[in-house]
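[1] Let's see this in three dimensions:
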Amino acid sequence: MPASPSKRLRPGMSSYKPSIAKTCGQRPACLVNASVTYCGNDTIFAFGGFDQYTDEVYNHVLKLDLRSLQWSLVDNYGDIPGVRMGHTACLWHDSKLLVYGGENEHRELLSDVIIYDLKTSHWTQPEIRGPIPKGRARHATAVYDDKLYVVGGVTGTDTYTCDEILYLDLKTWTWSRSWSFVARYDHSAWVWGGRIWVFGGLGPDMERTGDLWWLDLKSSPAFKSAPSTVSADLPQTERGGHHGRLNAHLTHREAATGSTGYAANSSSVQVRGSLVGPKSMAPGSMATVRFMSGPDIPAPAAGTHFHAYSSGALLDFTTPAGMLRPWECNLTALDLKSLQWQKLASGSEVFDPSYRWHYCAVNEDGTKAWLLGCAVEANEEGIGGIGEYLSDVLPLDLRRFGLLGNEAAARSGSDQVDMPASDTHATSNLTSLGVDLSAMFDQKKDSGWDFVVTASRDEADDGTSAASSPTVERAPTMPFMDENAGTSPPIHVHRLILQARWPHFKRLYNSEMAEFQTKKLHVPEPYSVVRAFLYYLYTDSIGQHAEYCKDLDDVAGLLVMAQMYDMQRLRLLCLNRLSRELDVEHAAVIWERAGSAQDEWLQKRAANYCLTYWGRVVRTEGFRQLSRRSMMELCEAIDLEGRVVGGEELEMIGGLGGSKLSMGGVSHEGARRRTISQSGTTGDDENEGQEDEGMELS
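    Numbering: from 1, shown residues only. You can find the predicted model right below:
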């Protein structure tokens with residue numbers, strides 16, 4: 001009998017355990033409310049912040065070289081900004097940092113914009129036009145479409161929570177008016193799919209929140225055109241027909257000198273005053289989601305959370321904290337299309353409980369993340385205390401958790417569809433070249449094919465599905481000819497495409513073996529999987545198609561072939577789709593194929609899913625296709641102290657279908673309700689959890 005997937009996994013296990021690295025050089029103190037930004041070229045820049053032990057506020061520029069793990073204090077020149085904390089810094093045009101706002105050592109709130117050139121270490125302050133916004137700190141910013149969007153923060157005489165959204169046009173350096181959006185501070189904001197999203201942070205009553213808000217930027221002309229130029233010295237009253245709340249009075253003052261001797265750009269320091277008048281709601285469709293319960297939803301009130309956007313998903317790093325239990329630490333992701341949470345990794349797989357993390361930086365492509373922090377040092381009483389330095393780095397390769405990266409996710413249709421001229425299908429997510437080549441795939445007439453590929457029939461002679469037996473028992477050897485009765489119909493392809501896209505085929509063909517002479521090749525894998533594989537070679541896509549990759553069984557088979565032929569991009573695409581679309585019907589098959597492909601991460605995810613929905617999984621066709629040995633090993637994945645929880649008790653802990661979600665907000669379409677399901681169901685199970693799986697949208 002063939003060895004089971006889990007047994008085959010041991011020798012070449014592709015497990016992933018990120019390791020912590022020590023930094024060297026002038027390690028910075030544990031700065032609070034500094035900006036920490038990944039700036040390309042394996043560098044992270046930190047600016048400002050204050051020392052939690054001395055309360056000294058800084059305007060130092062620090063650089064961490066991620067290759068040498070060397071911290072250094074950067075000499076900088078020009079219009080050097082004053083000390084500040086609670087500001088934001090955004091990478092712009094790959095070589096500049098846009099620093100906005102914050103507060104100085106006098107607790108004055110700032111509203112200035114300063115640009116740091118990463119190549120020359122030179123500071124400049126552009127000439128700003130338009131109504132200068134109120135000074136603020138602990139806000140969130142995002143750069144999109146040559147605009148710097150600012151959301152929320154703390155502001156005002158009594159340091160109240162701001163609910164504004166506004167933007168700075170980076171072409172004309174003109175501020176827009178402000179609109180009412182969501183009152184938050186210490187939150188995260190990013191732009192995806194033409195919307196600005198806001199998550200986490202604290203509300204007006206200092207309550208931690210896990211609400212998700214979004215505002216459509218594409219549907220409103222207010223966010224497309226450049227704002228009109230208005231004098232910055234005048235308070236914003238009624239301009240352009242809008243009835244907006246007045247800005248606090250802004251005045252040009254003498255520069256306030258910080259503790260370092262540098263003069264702050266204090267022309268936009270807010271003079272604390274009263275705010276009058278109402279402010280209109282932000283234009284465009286607006287909505288919010290509140291996640292009520294669910295097995296994978298992170299609890300916002302517990303632990304130290306870092307949020308980042310990657311690949312069409314919001315990542316939540318719930319890291320160790322003093323009062324947080326180890327099993328509550330996780331890396332979870334919220335798919336922004338389906339609004340479903342899923343746990344990518346448990347805390348024990350990623351985080352060392354003896355470390356505390358203070359900052360998180362993610363590269364622009366969303367494929368790598370770095371946590372900065374230090375080890376917990378025990379005091380004389382044996383109680384752990386947080387260290388004083390940003391002395392350690394935890395690098396995370398996000399692709400190992402099935403994330404494609406922002407560019408690849410956009411090409412796969414996660415963000416927007418790239419419609420080529422030759423593509424007449426409105427739902428296509430292929431590139432122009434992919435569409436043209438797909439029209440030539442497996443066409444016997446008028447396609448110029450010059451090679452034939454065959455595979456194993458999908459239905460075995462005994463009437464059972466070919467998917468019922470593990471597909472990888474052999475080492476990744478070359479395919480072979482087989483003319484027996486189990487051979488599939490021929491697939492007509494083009495040799496040049498296979499040579500260009502399939503390294504194994506290129507080596508095989510160049511060696512001039514039998515396939516070179518006969519122009520035929522047999523791949524001993526199921527016919528539907530081989531067709532999907534060849535279609536991928538033509539189109540670079542494994543997206544759901546009416547004929548190819550329509551079933552997750554085929555995608556799981558592609559994962560095995562990607563491992564056989566060492567095709568890392570195909571492997572990543574398969575991991576991404578299988579982890580996102582994992583459901584009851586296919587969970588058992590995905591678990592087995594992940595073992596065949598030696599992917600420990602996906603196998604663990606599939607095993608946990610099977611155990612969560614065990615009663616449904618064991619009734620699926622996919623589970624019945626497993627070999628007896630595989631069934632036993634899947635059962636052995638249960639913890640020794642595990643027990644079956646069913647019925648009402650399972651519903652109480654949110655295990656039957658995911659989350660309760662309530663959505664509310666403002667939309668031009670008016671109020672509506674809809675229901676989403678967070679787990680696959682079969683037969684009579686379809687209606688079991690609908691009552692608890694709704695979300696309200698208005």
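[2] For Ser72, which residues count as its bridge partners?
    Beta-bridge partners recorded for Ser72 (DSSP bridges): Lys63.
[3] confidence score at the nearest residue to His87 once chain neighbours are set aside?
    Using C-beta to C-beta, 6 or more residues apart in numbering and skipping the chain neighbours, the partner closest in space to His87 is Gly102 (2.9 Å). C-beta: built from backbone N, CA, C; applies to glycine. In this model, Gly102 is scored at 96, pLDDT.
[4] what do you get for the one 4 residues further on?
    We have a pLDDT of 90 for His106.
[5] repeat for Ser422
    Reported pLDDT for Ser422: 38.
[6] And the next helix or strand past the helix or strand of the chain with the lowest mean pLDDT?
    Least confident helix or strand, the chain: strand 242-243 with a mean of 30, by mean pLDDT, DSSP states H and E. Counting by DSSP states H and E, the next helix or strand C-terminal to strand 242-243 is strand 286-293.
[7] how many other residues sit next to the residue nearest to His87?
    Each residue near Gly102 was counted by other C-beta atoms under 10 Å, and the total is 33.
[8] Thought Val83 was touching it, still the case?
    No: applying C-beta atoms under 8 Å as the test, Gly102 and Val83 come out as separate, 9.1 Å apart.
[9] any common contacting residues for those two?
    Residues within reach of Gly102 and of Val83 at once, by C-beta atoms under 8 Å, 6 or more residues apart in numbering, are Gly48.
[10] If you count neighbours, what's buried in whatever helix or strand Leu371 lives in?
    Assigned by DSSP H and E, Leu371 falls within strand 368-378. Using 16 or more other C-beta atoms under 10 Å as the test for burial, strand 368-378 gives 368-376.
[11] And for stretch 621-636?
    622-623, 625-627, 629-631, 633-634.
[12] ditto for stretch 356-369
    356-363, 365-369.
[13] can you check stretch 53-62 too?
    57-62.
[14] among those residues, which are in strands?
    Using DSSP state E, the subset of the buried residues of stretch 53-62 located in strands is 61-62.
[15] If we only consider the buried residues of stretch 53-62, which is nearest to Tyr16?
    Nearest to Tyr16 among those: Leu62, at 29.4 Å, using C-beta to C-beta.
[16] wait, what's in contact with that closest one?
    Counted by C-beta under 8 Å, 6+ apart, Leu62 has contacts 26, 28, 45-47, 71-74.
[17] Tell me the spacing between it and Pro28.
    5 Å (C-beta to C-beta, to the nearest Å).
[18] Please enumerate the shared neighbours of the two.
    Counting by C-beta under 8 Å, 6+ apart, the shared contacts of Leu62 and Pro28 are 46, 71.
[19] Who are the packing partners of the helix or strand hosting Leu433?
    Assigned by DSSP H and E, Leu433 belongs to helix 432-438. Where contact means 3 or more C-beta pairs under 8 Å, 6 or more residues apart in numbering; DSSP states H and E, helix 432-438 is packed against helix 527-539.
[20] after the helix it packs on comes which helix or strand?
    Of the helices and strands lying after helix 527-539 in sequence (DSSP H and E), the nearest is helix 552-564.
[21] who does whichever helix or strand comes after that next one touch, helix- and strand-wise?
    Sequence order places helix 568-581 as the next helix or strand after helix 552-564, per DSSP H and E. Packing partners of helix 568-581 (3+ C-beta pairs under 8 Å, 6+ apart): strand 340-346, helix 406-411, helix 527-539, helix 552-564, helix 600-612.
[22] Mind doing that once more with 7 Å?
    Judged by 3 or more C-beta pairs under 7 Å, 6 or more residues apart in numbering; DSSP states H and E, helix 568-581 is in contact with helix 552-564, helix 600-612.
[23] List the neighbours of the first one that are in contact with it.
    This points to helix 552-564. Residues outside helix 552-564 that contact it (C-beta atoms under 7 Å, 6 or more residues apart in numbering) are 467, 471-472, 476, 525-526, 528-529, 532-533, 542, 549, 570-571, 574, 577-578, 581, 586, 589-590, 593, 596-598.
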